[in-house]
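Asks: Fold the following for me, if possible:
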Amino acid sequence: MSDKIFKKALVDFTLDFASGDAIRALADKGYSVSEIHKRLDFPTPVERIRDTVWKHFIETGVILLDAPSAESQKRVTYEKVQDSFGRTSFKQVITEDNEAREYVELDFGKRIYQNKNAFEKSLEALSNEDRQYILDLPWPLQKVWHEKNERIIRIIKVLDMK
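Replies: Residues are numbered from 1 along each chain as shown. Sure thing, here's the model as predicted:
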């Protein structure tokens, strides 16, 4: 049993070391999971990319699982640091946002669960990139709050969501 746990930890470490930073950087630039998968040099399973992007969005406050609050106005970033031996690593830095971020409430997971075909049909009005952005993420059945950015504003406008 412990051999399986070790192997899983080793695979997780290898994949994160090889492509984790690239995945997070591309997600920050607005690429969907599918677009990131096409751009990576290291063979990384789509499921791993999806999980990394989702976790990154939650850690950085792009997506909130609970309604926005003062706590959600903190921004998480990663700073590159070098130790005395020249080894590079990343340090998590949490800062208060001077500007309060706005969020949009979404229920994509519920919509997918209720009627996947109807939901996918409603997404046909979106551009390929915006459609893939929504379909690639593992939306939970509960409501989530997405940072109000250019992409999500465009999506809700096309889908005529309030």
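
Asks: switch to C-alpha atoms for all contacts and neighbour counts from now on
Replies: Fine.

Asks: beta partners for the residue nearest to residue 65 when sequence neighbours are not counted?
Replies: Closest residue to residue 65 apart from its sequence neighbours, by Cα to Cα, 6 or more residues apart in numbering: residue 144 at 4.9 Å. With DSSP bridges as the criterion, residue 144 is bridged to residue 106.

Asks: Now for residue 144: which residues touch it?
Replies: By Cα atoms under 8 Å, 6 or more residues apart in numbering, the contact list for residue 144 reads 63, 64, 65, 66, 67, 105, 106, 107.

Asks: Show me the strands in this structure, by range?
Replies: 63-64, 74-82, 88-96, 103-106, 144-147 (DSSP state E).

Asks: Run the chain-centre distance for the last one.
Replies: It stands for strand 144-147. On the basis of Cα atoms, centre = their mean, to the nearest Å, the separation between the geometric centre of strand 144-147 and that of its chain is 11 Å.

Asks: avg pLDDT for it?
Replies: Average pLDDT, strand 144-147: 95.

Asks: and the residue nearest to residue 65, how far is that from residue 81?
Replies: Distance of residue 144 to residue 81, given as Cα to Cα, to the nearest Å: 33 Å.

Asks: now the strands of the chain as CSV including distance to residue 114?
Replies: Output for the strands of the chain, formatted as CSV (distance: least, Cα to Cα, whole Å):
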stretch, distance to residue 114
strand 63-64, 22
strand 74-82, 33
strand 88-96, 37
strand 103-106, 14
strand 144-147, 16
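
Asks: and this protein, what are its domains?
Replies: The record's domain parsing of the chain by automatic domain parsing lists 1-60, 63-73+100-162.

Asks: ranking these by mean pLDDT, which is last?
Replies: When I compare the domains of the chain, domain 1-60 is least confident, with a mean of 83.

Asks: distance between that one and the chain's centre?
Replies: 10 Å.

Asks: picking up where we left off before, out of the strands of the chain, which is closest to residue 26?
Replies: Nearest of the strands of the chain to residue 26, taken as Cα to Cα: strand 74-82 at 14.3 Å.

Asks: What is the neighbour count of residue 78?
Replies: Close neighbours of residue 78, defined as other Cα atoms under 10 Å, add up to 13.

Asks: Which pLDDT value belongs to it?
Replies: 75.
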